[in-house]
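In: the sequence and its predicted three-dimensional model are supplied below.
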Protein chains: 4
Amino acid sequence: MTNRLSPPIILINFKTYAESTGQKALELSKQAEKAQRETHVTIGVAPQFADITTIARAVTIPVFSQHIDPIKPGNCTGHVLAESVRQAGATGTLINHSERQLKLSEIDETIKLARNNDLTTCVCANNPSISRAVATLEPDILAIEPPELIGTGIPVSKAKPEVITDTLKLVRKVNPNVVVLCGAGITQPEDVAAALKLGTQGVLVASGIVKAKDPYTIIRQFAEATKT
Amino acid sequence: MTNRLSPPIILINFKTYAESTGQKALELSKQAEKAQRETHVTIGVAPQFADITTIARAVTIPVFSQHIDPIKPGNCTGHVLAESVRQAGATGTLINHSERQLKLSEIDETIKLARNNDLTTCVCANNPSISRAVATLEPDILAIEPPELIGTGIPVSKAKPEVITDTLKLVRKVNPNVVVLCGAGITQPEDVAAALKLGTQGVLVASGIVKAKDPYTIIRQFAEATKT
Amino acid sequence: MTNRLSPPIILINFKTYAESTGQKALELSKQAEKAQRETHVTIGVAPQFADITTIARAVTIPVFSQHIDPIKPGNCTGHVLAESVRQAGATGTLINHSERQLKLSEIDETIKLARNNDLTTCVCANNPSISRAVATLEPDILAIEPPELIGTGIPVSKAKPEVITDTLKLVRKVNPNVVVLCGAGITQPEDVAAALKLGTQGVLVASGIVKAKDPYTIIRQFAEATKT
Amino acid sequence: MTNRLSPPIILINFKTYAESTGQKALELSKQAEKAQRETHVTIGVAPQFADITTIARAVTIPVFSQHIDPIKPGNCTGHVLAESVRQAGATGTLINHSERQLKLSEIDETIKLARNNDLTTCVCANNPSISRAVATLEPDILAIEPPELIGTGIPVSKAKPEVITDTLKLVRKVNPNVVVLCGAGITQPEDVAAALKLGTQGVLVASGIVKAKDPYTIIRQFAEATKT
C-alpha cells in the first residue's frame, strides 16, 4: 500500500455543493494545496466526478473520488469505474458515504477493486458497530460520521465523544492498522483538535470548509489544529 | 430548446468499456468529430463522467453525460449533479439507460433538471409501452433499446422491426415532436439504414463502434448510411 | 377485466401503522366490511403482506396487496410474488406508492404480472405529468397523491385542486378508461365529497382512517360523502 | 436470547418457488414438522410473507420471514415490518440473502429491530471477508452461501470447502458464539454431513428440498445426516 496517506489527514468532501462545483472546485483545491504546502499536513480533496481531471492536473495534493461502483470495465452505462477515476488522476476514493451507501457485498468488492487500481480507500460508517464491521474489511481509512450530525455544525467530538472512543476500542480489536477519521459537524479548529485528542487521526469535513466565507483560512486553521 | 440536435443523429455511448476510458475516450471522440466534419451528420459522444471535461474541451461535437441524478446542489456525496456535467462541458445527458434505470418520478424530475441546465435529454426505453410512457414526459430524444439485444450484434431493426414501428405509432400519438433513436445490436451500416427506413431519426450505438478495430471507419460508414 | 371495482371507491391503505398490524388489521377490515354492507359503496383494504390471508378469509370486501415485485416464481428470496398474494386472497395490488416507488420498466412489468394473476392494479403517481405517463401503461386504477401532502391532514382537493383537474385533463387524453382516485391528506368527509366533485372516482386514504379514534364512523361518513 | 435454536439446524428457504407458495407451502411445512418430530433435529421453514400466518398456526416448528425492512411502524407502504411478521407467527428472519441484499447500515439496524421483536436473526454472507464483517454485527445465525453456487446442485462443502473453513476461522476470532450454517448447492444427505464435518452447525437449503419429488424423504435424510 504505497499510496497510504500520512496522518494527520484533513479530507475535504466537496459533495455536490454549488460552492465546490466546476471552476469553484478547482479554486478550492488550489487553496487546499496552498495550505498543505505551508503546514505540511496531509490535505486531500474529494470533488465531483466531472471535476477530478481538471483538479488532478492542477494540484499535487491527493484527489479522491466521492464514490466508485462495484463494477469492472464493460456494459455499465452511467456507473463509476475505478479505472476511470484513476486514469482521471484520483489517488483515492470515498466508499459508502452516508449519502451514497452501498450493500455490504458491494463495499467488500469496491474495496478490492479500488486496491487493484491503486486507489486509497476511505470507507464511511455511521456508528460503532458498523465501524467495526467496516474495519474487518480492511480499508485504508475509516471515517466515522453519525448521520444525524452531518451538516449541523455540531461536532461529534463534542456532542458524542463516546461514539468516537467506543468506535476506536471496537475497531482496534479487529484491525489495529486502519487510519480512523472523524466526521460530521466539524466547523471549528478546536473540533479538529478535539477529534485528534480522542484518538482519531484526522477529519473528514465538508460544509465547514466548502461553505466558509474564507475556505483557505479555515483549512489552514484546521491544519494547524492538528499540531496542538 | 436551442440545444436540440439536427437528425439524423448518431449517438455513441462509451459505457464503461476499457476501450473508451481516459485517453482512449479522448481519441475516440476526436475520430467522431472527424467523421462529423467530413459527413455533416450529427454525431454525439457519451463518455464517462470523469472524461467529460477533457473531451468537451477538445472537440466541438455534442458531449452527453451517461446519467444524471435527480438532485439539486447540496448534500449528495457521490451523485451526479446536472450543474456539474453542464459546467464540465456536456450539452446533453442520457437518462434511464437500461443499465442505469430510474424510478418513474426520478425520470420526470431528471428531465426537468436537465432542461433547466440546458442539457438535451435522451431518455431510453425498453419496449413500446414504456416508450409511450416516456414520450409523455417530453424528453428531447427517445432511444428505444430492447435490453435482450444490447451487445448482441443483432440489430432491433432486423430482429424485431415491429418493436420500432409499434413504438413509433404509439409515441407519435402522444408526442409528435420527440426525436426517436433506435438502439441495441447495431454493428453494420445497413443496420443504420434499416433503422432510419423504419422511421427513426438515428441510432444510439455502443460496442458496435467502441469495440470496432477501426472505430473511425465504422462511424464514417454509419454516418454515410444515414444518407441512403 | 372481471375484477374491476365499481366506483366510487374508498381504498384504505393500512401502511405499516401499529394501529393496522395483525389482529388490529383484521378488526379494521371488519369495520370496513360493515360500512360497505350498510352503504353499498365499494370499500377496499390494503393490509401488510402477512395480514392478507387472515383478512381475505374473514371479509368479502376487496383486499389489496401494498406492493408486488416484478418477478416470476423462482429464486427471489424476500420478494413479493403476484401469485403469492393472489393465492393468499388478494384481488388487487397497489403499485408504485410514493413510499415504495419502482423503476419505470418495473411498473410496466408489474402491471402485466398483476393482470396475468387477476389482480386489480392501482398505480400511484405524484404529479400531473407522472400521472399521464402512468395512465398510458393502462392500470385499472390511478391514484394521484402529491407526496408533500401525505400524512399532513391537508387534502389535495383543497390545497391543490388544480393538481387534480390538471391530472384528469392530461390523463383522459391518453386513457379515457382508467379509474382515478385522489389521495393524500384526506381526513374529513367533505374532503371526499370535494375529491369527487373535482371529477375523481374515489379516494386512497390511510392515516385519516387508520389513526382515527373511531375508524368505523369515519369510513361510514366517507362512504356517505361519496353520495352527495 | 431465549429464541436461539439448538444446532444442528436445517433451515428451508421457500424462496418464491411455485412449489412452495400458498397451499403447497403449508403442506411442505407439515412435512418438515413431521421430520422434526421423528428425528428431533431442529428444522425451520422460511416461507413467503403472505404464507407466514397460515403456516405458523398449523405447525410448531420455527417459521422465519425471508426478509424484514429496517423500518419502524409508520408510513412505509409496501415494506416488511418486524412487528408484522412477528405477530403473524414468525420467530425468526433471514436478513441479507444474496437475492435480497441490504446496505451495511440496514443490516445493522435490521438485526437490532429483529432482536427487539424477539426474532432470531439469520444473516447471509457471500464470502469469508463478508462473513467476518457480518459476524461482528452479532446475529444469532450466520449463513455462508457463495452466490455462484446457489441453485447449482454443487455443494459449497465439496466445490469450495476452503470457503467454509476459512470463514469459520475468521468468524470465530471476532465472534465465538454465532451459529454458522452452510448454504448453496446442497441436494444430498452427504452434503449435509460434509458441511457439519467442516465445522458448521447446519444448513440453509432451498431447491434441494423444495423442488425434490419427495421433499419429506429428503428432509428426513438431511436430518439423519446431521447425526452421522
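Out: Cool, got the structure.

In: where does residue A:217 sit, in terms of helix or strand?
Out: Secondary structure from DSSP states H and E places residue A:217 in helix A:215-225.

In: pairing partners for whichever strand or helix holds residue A:182, with directions?
Out: According to DSSP H and E, residue A:182 maps onto strand A:179-183. Strand pairing for strand A:179-183, using DSSP bridges, gives strand A:141-144 (parallel), strand A:202-205 (parallel).

In: mind putting those into JSON lines with mean pLDDT?
Out: Converted to JSON lines, these look like this (pLDDT from 0 to 100):
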{"stretch": "strand A:141-144", "mean pLDDT": "96"}
{"stretch": "strand A:202-205", "mean pLDDT": "96"}
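
In: got JSON lines for those strands, with distance to residue D:91 and mean neighbour count too?
Out: Every C-beta, even on glycine, is put in place using the N, C-alpha and C of the backbone. Shown next, in JSON lines, are these (distance: least, CB to CB, whole Å; neighbours: other CB atoms under 10 Å in any protein chain shown):
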{"stretch": "strand A:141-144", "distance to residue D:91": "34", "mean neighbour count": "27"}
{"stretch": "strand A:202-205", "distance to residue D:91": "41", "mean neighbour count": "28"}
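
In: need those in TSV with distance to residue D:110, can you?
Out: Below are these laid out as TSV (distance: least, CB to CB, whole Å):
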stretch	distance to residue D:110
strand A:141-144	20
strand A:202-205	26
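
In: mind checking which of those is nearest residue C:11?
Out: strand A:141-144 (44.7 Å; CB to CB).

In: I figured residue A:159 was touching residue A:182, is that so?
Out: No. Contact criterion CB atoms under 8 Å: residue A:159 and residue A:182 do not qualify, at 11.7 Å.

In: ok so, going back, any idea how far the strand holding residue A:182 is from the middle of the chain?
Out: Offset of strand A:179-183 from its chain centre (CA atoms, centre = their mean, to the nearest Å): 8 Å.

In: next: stretch A:160-180.
Out: With CA atoms, centre = their mean, you get 17 Å for stretch A:160-180.

In: same question, stretch A:170-189
Out: That offset, for stretch A:170-189, works out to 11 Å (CA atoms, centre = their mean).

In: buried sites along that stretch?
Out: A:170-171, A:174-175, A:178-189 (16 or more other CB atoms under 10 Å in any protein chain shown).

In: next, the buried residues of the helix holding residue A:217.
Out: For helix A:215-225, burial by neighbour count (16+ other CB under 10 Å) applies to A:215-216, A:218-225.

In: enumerate the residues of chain A near chain D.
Out: A:96, A:98, A:101-105, A:107-108, A:125-127, A:129-130, A:132-134, A:136-138, A:174 (CB under 8 Å from any CB of the partner chain).

In: one more time with 10 Å, if that's ok
Out: Neighbours of chain D within chain A, by CB under 10 Å from any CB of the partner chain: A:96, A:98, A:101-109, A:111-112, A:123-138, A:147, A:170, A:173-174.

In: just the buried ones from the residues you listed?
Out: By 16+ other CB under 10 Å, those give A:96, A:98, A:101-109, A:111-112, A:123-138, A:147, A:170, A:174 as buried.

In: give me the subset of these touching chain B.
Out: Restricting those to those near chain B by CB under 10 Å from any CB leaves A:96, A:98, A:101-102, A:124.

In: tally of neighbours for residue A:162?
Out: 11 (other CB atoms under 10 Å in any protein chain shown).

In: against chain C, how distant is it?
Out: Shown here: residue A:162 relative to chain C, a distance of 31 Å by CB to the nearest CB, to the nearest Å.

In: tell me how far stretch A:30-43 is from the chain's mean position?
Out: That offset, for stretch A:30-43, works out to 16 Å (CA atoms, centre = their mean).

In: for the one helix or strand residue A:158 maps to, give me every contacting residue.
Out: Assigned by DSSP H and E, residue A:158 belongs to helix A:156-159. Applying CB atoms under 10 Å, 6 or more residues apart in numbering or on different chains, the contact partners of helix A:156-159 are A:144-146, A:148-150, A:152, A:162-165, A:167, A:182-186, A:188, A:190-198, A:200, A:203.

In: from those residues, which land in helices?
Out: Using DSSP state H, the subset of these located in helices is A:162-165, A:167, A:190-197.

In: okay, now the unreliable bits of chain A?
Out: A:1-3, A:150-151 (pLDDT under 70).

In: could you rerun that using 50?
Out: By pLDDT under 50, the low-scoring segments of chain A are A:1-2.

In: helices of that one, residue ranges please.
Out: A:23-39, A:52-58, A:82-87, A:104-116, A:128-136, A:156-159, A:161-174, A:189-197, A:207-210, A:215-225.

In: including distance to residue B:13, could these go into JSON lines?
Out: Shown next, in JSON lines, are those (distance: least, CB to CB, whole Å):
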{"stretch": "helix A:23-39", "distance to residue B:13": "26"}
{"stretch": "helix A:52-58", "distance to residue B:13": "20"}
{"stretch": "helix A:82-87", "distance to residue B:13": "14"}
{"stretch": "helix A:104-116", "distance to residue B:13": "22"}
{"stretch": "helix A:128-136", "distance to residue B:13": "34"}
{"stretch": "helix A:156-159", "distance to residue B:13": "43"}
{"stretch": "helix A:161-174", "distance to residue B:13": "42"}
{"stretch": "helix A:189-197", "distance to residue B:13": "44"}
{"stretch": "helix A:207-210", "distance to residue B:13": "33"}
{"stretch": "helix A:215-225", "distance to residue B:13": "37"}
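
In: good, we can wrap up now.
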